[in-house]
Structure formats: structure tokens, C-alpha cells
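[1] quick one: sequence plus predicted model below, questions after.
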Amino acid sequence: MQNQRSGIKRQAVLLPAALLLASILGGGCATNKTLLAEQSSRIDSLRAVNADLAGSLAVYRDSIAFYEFIDSGEFVQEMRFKDGEINRLEYTLAVCRDGGAPIAIELVDDLFAPASARLTSAGEERLSALADTIRYYADGGLIHVEGHSDATRPVGDLAKQYPSNWELSAARASAVARFYVDGHDFSRSLFRVLSFGAARPVASNADARGRRLNRRIRITYVPGAAG
């Protein structure tokens, strides 16, 4: 009986102690979880700051490299090169917009038999004199051969073959391109034939002199268009 009472007393003493220990341990785990969460948040914050600093460092390094690039003189050389490229491209654009850089303008009356698209021997000689110039440009682009006319419409037998100045101008421009291909061994792919008829006069069609100037073949070079 006495032993039972002693056991009960010991249990009564141990039970509150166990409860106290459990409370302390439970509170300690909760405290650790809070501390770990705070530390994790702090680490994330420091990583973000470190990333920002790394980005700023890269910017500063680029800035230093840029100033060194300027001081070395390479910046000026690079700018001059870029300016040269811009000027070249602007020139090419302007040339293409205008239909090409003029190589020659030949009057139809100096190349063809009257009221026809047939080259005369004198006309072939004039065109042959331009062959070397055309060959000089042959590797860098295209050669445009433009046919232009006055405002007088074809009549008679000429009108049966060429109903308008557009067809007549096309036939004359084609004859010039064909002469270079057949007579001077140029590639057909080098030439583009265009006909403008009376659409682009350079003088008045009201008098004979103006009409003569308007009847012309314009040969131009268009850079960078080959292929």
C-alpha cells in the first residue's frame, strides 16, 4: 500500500515536468521555424542586392571600356567608317530612286534610221564606244536601257508595227541592249529594258529641237542590284 502511494507521488511529480519539457521543446521548434524563415527571407534579399550590384558593375565596366575605346582613337575611326557606309547607302538609294547613275544619253536620231527601231552603222559605232564603260560596271549591278520619245504618235506604216510611242521606245531600248549582248558578248542578265514613251520629257514638245531632245536612249547603272 505504501509502495502504491509512493508510485502515485512520483507520477504526480513527473507528469508536470514532462508537460513542461514538451512545452519548452514545442516552443523551441516554433522559434526555430520563425528564425529559419527570417534567415531565408534575408538571404533572398541579399541575393537580390547582389544581382543589382552585379548589373551595376557590368554597366560601369562597359562605360570604362567605352571611354577607353574613345581614348584609343578607334571610336573616331569607327564613326568615320559608319559615316562612309551611310553616305554610300544614301548615294545608292538616290541613284536607284532616279533610275540609276547615268552612263550615257544618246539621241534616237543619232542611233536609229528615221521612224524606225533599226540601228544605223553610225549608231552602232556610238554604242560600241560605250562598251568599255558598261563593262566596267558589269560586275557591280545592272545596266538599265531606257527608251524615251517625243509626244508625236507613230503614223502610217510605223503605227502598224508600233501602235504607240510606248511600244516604239521599248523596241529601240531593246535594240540597244541586244546590240551589246550580240555584238559585245555581254550577259543578257546584265540588262533591264525600260520604256517610258513620252512620259518623261526633258524639253518642250512644241518645237522640233525639243522633240529631238526628248527622243533619246538613256543608259544607266544601278549598283548592288545584280544577282
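    Happy to help now that I have it.

[2] for the rest of this, base every contact and every neighbour count on C-alpha atoms.
    Noted.

[3] what's around residue 129, how many residues?
    10 (other C-alpha atoms under 10 Å).

[4] from residue 103, how far off is it?
    12 Å (C-alpha to C-alpha, to the nearest Å).

[5] same check on residue 137?
    10 Å.

[6] and the residue lying closest to residue 188 once chain neighbours are set aside, how many residues sit next to it?
    Distances taken as C-alpha to C-alpha, 6 or more residues apart in numbering place residue 181 nearest to residue 188, at 6.1 Å, with adjacent residues excluded. By other C-alpha under 10 Å, 16 other residues sit near residue 181.

[7] and after the lowest-mean-pLDDT helix or strand in the chain, which helix or strand comes next?
    In the chain, no helix or strand scores lower on mean pLDDT, DSSP states H and E than helix 74-97, which sits at a mean of 56. For helix 74-97, the succeeding helix or strand toward the C-terminus, using DSSP states H and E, is strand 101-107.

[8] contacts for that following strand, please.
    For strand 101-107, the external contacting residues (C-alpha atoms under 8 Å, 6 or more residues apart in numbering) are 95, 130, 133-134, 212-222.

[9] wait, which of those residues is closest to residue 165?
    Closest approach to residue 165 among the contacts of strand 101-107 (C-alpha to C-alpha): residue 215, at 10.1 Å.

[10] that closest one is in contact with residue 152, isn't it?
    No - with contact defined as C-alpha atoms under 8 Å, residue 215 does not reach residue 152; the gap is 10.2 Å.

[11] between these two, point out the one with more neighbours.
    Neighbours were counted for residue 215 and for residue 152 using other C-alpha under 10 Å; residue 215 has more, 24 against 11.

[12] measure the more buried one to residue 163 for me?
    With distances taken as C-alpha to C-alpha, residue 215 is found 17 Å from residue 163.

[13] repeat that for residue 209.
    Counting by C-alpha to C-alpha - residue 209 and residue 163 are separated by 24 Å.

[14] so for the two, which sits in the more crowded spot?
    Counted by other C-alpha under 10 Å, residue 209 and residue 163 do not tie: residue 163 has more neighbours, with 15 against 11.

[15] pLDDT value on that one, please?
    Looking at residue 163, its pLDDT reads 95.

[16] residues near the residue nearest to it when sequence neighbours are not counted, how many?
    Counting by C-alpha to C-alpha, 6+ apart, the nearest residue to residue 163 once its immediate chain neighbours are dropped is residue 154, at 6.7 Å. Residues near residue 154, counting by other C-alpha under 10 Å, number 18.

[17] residue contacts, residue 154?
    Residues counted as contacts of residue 154 (C-alpha under 8 Å, 6+ apart) are 162-165.
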